[in-house]
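> output the structure for:
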Amino acid sequence: HGDCNYCYALGVNAAALIDAGYTGLMSVVRNLAGGPSQWTPGGFPLVTMMDVEVRKGKSVPVIKKALVDLEGPLYKTYQAHRDRWAVEDLFQSPGPIQFEVGSIERVPFLVSPVTEAELYPTYQQNLESVTGPYAAIRAENLSALARLRLTPEHAPQIPAVFRNGGYVVQRGSQLRFTSEETKSVVLRHLPSIGAESHMIEIVPQASATGPRLQDRKGLRIGIVFCGRQTPGAHNVVHGLLQFCRSSGSELIGFINGTAGFFGKNQFTINETNIHAYVNQGGFQFLGRSFDKIRGEEDIKKATATCTELRLDGLVLFGATHTVTDAMYLSEAFLKNGVNTSVIAVPGSVDGNVHHSMLEGTVGFDSASKVYSQLIGNILIDSASSVKYWYFIRLMGRDPSHLVLESALQTQPNHVLISEEIASKGQTLDDVVREIADLVVLRSKHGKNFGTVLIPEGLLVHLPHVKSLIDELSKAFSALRTEKERNELAEALLKDQDILHRTLTAWSAAFYQALPDFTRKQLVFERELSGNVFLSKIETERLLAQLVGEELAKRKKSGEFKSSFAPITHFFGYQGRCSFPSTFDAELASTYGFTAGVLASSGVTGYCVTARGLTGPVDNWFCGGIPLVAMSHAKAKSAYGTNMAVIPSTEVDVNGAAFKELARLRDNWRLVDSYFNPGPIQFAGRLAQSRNRTLVLSQGNYLAELKRVNELIDQIKSECRFGVHEEIVQIAIMNLESLEKLIHVLRRNLNH
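Sure thing, here's the model as predicted:
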């Protein structure tokens, strides 16, 4: 609002100066520390702002750029506090600009110097620190927006059925395995939980129809952060705590992820120590370490922790590896007689945990909105400068969900979807030529600018590149020390003999054809396991360079006659710890409460879910999906050969979201339909917005359920006492046929 009002005032003032006959003035507005009604407009003579500089041997009048004033109050404040900031964690996150929350808006520090109270704010509530390796949130860390998000008005909502307390947990329909092969693998390796593949439903007491499960009270439930940083993680904890308070249970938090879980580094979570983390980004309340509970030794450690601490329930928060770990841990606990229910909560900015009964993962909505704002800003810059081509890579690991969602939100000129490229069998050269074709086409229409979105997992979807990456990962993983790995990396860059002994002839030739910086990144950027670190490979820079080389050839042949100026970006870590969107905050809180309900019912090996997410949170339907129903048989995985895993789900090229992209994208090639969704909002109409992927794939679900119930009510109304007998018989005949059809379809489609 400040910039909008200020710039508008400058424009009106400039018009007034011209109207009054003035010239050679700069339009100025003073007294900006007050509100617009207190501003003083005027004009400042440009000549009084000028200095004389010697340029190319001549003295010329210039207006110098205003640099930081080292004697000014702003720099003096920084100078006085920077030593303290260097050793103390006093950072603040101001968060996204809010357009409907005037109470937290402030003029820039350049206009009104920052005060001590603003640098080190106090908070009305005592913030109990948690002892651990992570920086606990202190009052000084809470920005104006952070404090606003902690107020009762911004408390995350959960479904009405949980708030009212009158719910029943019942066993629903049986879900099919994803394939007969998966069923065989599950029953062989996971016989205890494999036998139980019923959906669990949490319904109001008045709506209960199926077999009811137990409702245990006074439990001890533990929670572990296992996955990567995800907006909304802290709300999962708070939602679970709400359940514990309602059931007289105790919530145990494990510090430092699975390392703390194995080492029993734990504390009791209460309203005081979780308070400052609710609706905030980050993972620092509990933290994370290595993301696995896998193998005989890990199972023994997990068993010891749950047994010694007498845990009735264990909630694991994370992505596909975590959810798979939860499945195998559940089986081991049942086999070994450990009375701890294991419940998984899906959280990942990648949005890659999928099942037909699971509509959303915690964090995807927030991250996609953060990236979309950044992309939207760049799109507007592209259209304003009209001379740059932006190559933007988004985090997301193997699948392209974030690129697809961000594209639907922003409408760039070209979008690469890894799964589509793989389905077409395209090569790196094909991708480069495709982009170069677009650059040439736009240049012929006078548009030497544009934007390309690139998924992080693009390279592993190109067969020849994947082969190279697999061969390099295998070679480095076989070496035990970092010194050996670095020596091999140096040798691959310089020694042809070692290169050809390490790689196949095809991969060696392809590797040598890559730019120097890519070849270095492929051998020096490695994960701890020795595998190539995909996030560190600058795919956007590689594509920009290869497209530039292709265009140089076309320029030489006369096909391309314009300029090509690429700029590259990678957006990833910017979105992992942002403030969670209102949707993610509510989803996370709901999932946390649901996890507690499932644990209290005694089931194990389940993933929480909520349906109807495009509608109001009051009406969400919550429950649990058996993890075995989400699994797929995989020939090779971290769990061994021919084992069931819950895979990272890729973009469905036959799904509603991709079809929408396919319908729109041809128009984006030449027509600049750029859209900037702006920053995440926490108040007003936009606060309840949902990501486009969710709306497109699940938007009709609630409406269709409502229509079914309307038709049922209409039939009941028509078939009341006094209606003709023939009408009743026709209704019975058709409804019985419909019921049989639904029964068959439900049995066949529940997978």
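> when you work out contacts or count neighbours from here on, use the C-alpha atoms and nothing else.
Fine.
> quick one: buried residues of stretch 231-250?
Neighbour-count burial for stretch 231-250, counted by 16 or more other CA atoms under 10 Å, picks out 231-244, 247, 249-250.
> and the end-to-end length of stretch 395-409?
Stretch 395-409 has an end-to-end distance of 16 Å (criterion: CA to CA, to the nearest Å).
> check stretch 599-607 too.
OK, stretch 599-607 end separation, CA to CA: 11 Å.
> show me what contacts Gly605?
193, 326-327, 330-331, 341-344, 626-628 (CA atoms under 8 Å, 6 or more residues apart in numbering).
> for the stretch 451-600 of the chain, what spans make up the helices?
Using DSSP state H, counting those that start in this stretch, the helices assigned to the stretch 451-600 of the chain run over residues 463-477, 482-494, 496-502, 505-513, 516-524, 539-557, 573-576, 582-601.
> name the helices or strands packed onto the last one?
If contacts are counted by 3 or more CA pairs under 8 Å, 6 or more residues apart in numbering; DSSP states H and E, helix 582-601 sits against strand 167-174, helix 233-247, strand 313-318, strand 341-346, helix 364-385, strand 606-611, strand 621-626.
> swap in 6 Å and give it another go.
Counting contacts by 3 or more CA pairs under 6 Å, 6 or more residues apart in numbering; DSSP states H and E, helix 582-601 packs against helix 233-247.
> and the contacts of the helix it packs on?
217, 250, 278, 588-589, 592-593, 596 (CA atoms under 6 Å, 6 or more residues apart in numbering).
> now swap in stretch 559-571 and tell me
The contact list for stretch 559-571, computed with CA under 6 Å, 6+ apart, reads 388-394, 440, 554-555.
> tell me where the model's unsure across the stretch 601-750 of the chain.
For the stretch 601-750 of the chain, the stretches flagged by pLDDT under 70 are 746-750.
> of the contacts of helix 233-247, select the buried ones using a ChimeraX command.
Only the buried members of those end up in this ChimeraX selection, burial being decided by 16+ other CA under 10 Å:
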select :250,278,588,589,592,593,596
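> quickly check the contacts of helix 233-247 for the two that are furthest apart.
Greatest spatial distance among the contacts of helix 233-247 (CA to CA): Lys217 and Val278, at 24.9 Å.
> now do the contacts for Ala436.
Ala436 sits next to Val547 when contact means CA under 6 Å, 6+ apart.
> mind listing what Ser59 touches?
Residues in contact with Ser59 (CA under 6 Å, 6+ apart) are Glu53.
> what pLDDT does it get?
As predicted, Ser59 sits at a pLDDT of 91.
> so it, which state does it fall into?
Assigned by DSSP: H, G, I helix; E, B strand; the rest coil, the conformation of Ser59 is strand.
> quick check: it vs Leu17, distance?
Separation of Ser59 from Leu17 (CA to CA) stands at 31 Å.
> same deal with Phe593?
Shown here: Phe593 relative to Leu17, a distance of 62 Å by CA to CA.
> quick one, longest helix in the protein?
In the chain, assigned by DSSP state H, the helix with the most residues is helix 725-749.
> what's the angle between that one and strand 167-174?
Inter-element angle recorded for helix 725-749 and strand 167-174: 80 degrees (by axes from the mean of the first three to the mean of the last three CA atoms, to 10 degrees).
> give me the residues contacting helix 725-749.
Where contact means CA under 6 Å, 6+ apart, no residue beyond helix 725-749 reaches it.
> which residues touch Arg288?
225-226, 256-257.
> from the residues you listed, which is closest to Arg669?
In terms of CA to CA, no member of the contacts of Arg288 lies closer to Arg669 than Cys226, at 41.0 Å.
> so where's the stretch 51-200 of the chain shaky on pLDDT?
128-133.
> show me the helices in it, by range?
Listed in chain order, the helices of the stretch 51-200 of the chain (DSSP H, counting those that start in this stretch) span residues 73-87, 116-119, 144-148, 160-164, 180-189, 191-194.
> need those in a markdown table (columns: distance to Ser563).
Listed next are the helices of the stretch 51-200 of the chain as a markdown table, based on distance: least, CA to CA, whole Å:
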| stretch | distance to Ser563 |
| --- | --- |
| helix 73-87 | 42 |
| helix 116-119 | 47 |
| helix 144-148 | 44 |
| helix 160-164 | 59 |
| helix 180-189 | 54 |
| helix 191-194 | 61 |
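> please identify which of the ones you listed is closest to Gln125.
Among the helices of the stretch 51-200 of the chain, helix 144-148 sits nearest to Gln125 (CA to CA), with 11.0 Å.
> distance from the closest one to the middle of the chain?
Distance of helix 144-148 from its chain centroid, counting by CA atoms, centre = their mean, to the nearest Å, is 22 Å.
> over to stretch 538-558?
32 Å.
> next up, the contacts around the residue sitting nearest the centre point of the chain.
Nearest to the geometric centre of the chain sits Val349, at 2.2 Å (CA atoms, centre = their mean). Contact analysis of Val349 by CA under 6 Å, 6+ apart lists 230, 363-364, 367.
> picking that back up, quick check: the farthest pair among the contacts of stretch 559-571?
Within those, two members stand farthest from each other by CA to CA: Leu394 and Lys555, at 30.2 Å.
> more neighbours, the two?
Leu394 (26 against 15; other CA atoms under 10 Å).
> quick check, that one in contact with Pro455.
Yes. Using CA atoms under 6 Å, Leu394 is in contact with Pro455, at 5.4 Å.
> who's in contact with Thr268?
251-252.
> that one and Asn256, how far apart?
Computed with CA to CA, the distance linking Thr268 and Asn256 is 15 Å.
> how about Cys622?
Distance of Cys622 to Asn256, given as CA to CA: 29 Å.
> how about Val29?
52 Å.
> returning to what we had before: which one of the helices of the stretch 451-600 of the chain lies closest to Ile417?
Comparing those against Ile417 with CA to CA, the closest turns out to be helix 539-557 (13.6 Å).
> residues in contact with the closest one?
Here helix 539-557 makes contact (CA under 6 Å, 6+ apart) with 391, 393, 432, 436, 560-561.
> do the same with stretch 33-42
28-32, 112.
> go on, stretch 323-343?
Where contact means CA under 6 Å, 6+ apart, the residues beyond stretch 323-343 that reach it are 190, 193, 293, 311-315, 344, 599, 604-607, 627, 645-646.
> circling back to that earlier point, mind listing which of the contacts of Arg288 are in helices?
Among the contacts of Arg288, the ones falling in helices (DSSP H) are Gly257.
> for the contacts of Arg288, which one is nearest Gly678?
Among the contacts of Arg288, and counting by CA to CA, the member closest to Gly678 is Phe225, at 30.3 Å.
> what's the burial count for that closest one?
Residues lying near Phe225 (other CA under 10 Å) number 32.
> which ones are touching it?
Phe225 neighbours (CA under 6 Å, 6+ apart): 257, 288, 317.
> now do it against Ser578, distance only.
In this view, Phe225 and Ser578 are 17 Å apart by CA to CA.
> any idea how far Thr451 is from the residue nearest to the centre of the chain?
23 Å.
> same check on Ser443?
Distance of Ser443 to Thr451, given as CA to CA: 13 Å.
> who's more crowded, these two?
For Ser443 versus Thr451, the count of surrounding residues by other CA under 10 Å is larger for Thr451: 26 against 18.
> ok, now which ones touch the more buried one?
Neighbour list for Thr451: 389-390, 412-413 [criterion: CA under 6 Å, 6+ apart].
> nearest to Ala117, of the residues you listed?
Each of the contacts of Thr451 was scored against Ala117 by CA to CA, and Tyr390 proved nearest at 41.1 Å.
> helix or strand: which one has Ile712?
helix 701-718 (DSSP states H and E).
> buried ones in that helix?
The neighbour-count check on helix 701-718 (16+ other CA under 10 Å) flags 701-702 as buried.
> can you check stretch 24-39 too?
25-29, 32-33.
> cool, and stretch 431-440?
Buried residues in stretch 431-440 (16+ other CA under 10 Å): 431-433, 435-440.
> before we move on, what about stretch 12-26?
Buried residues in stretch 12-26, counted by 16+ other CA under 10 Å: 13-14, 16-17, 25-26.
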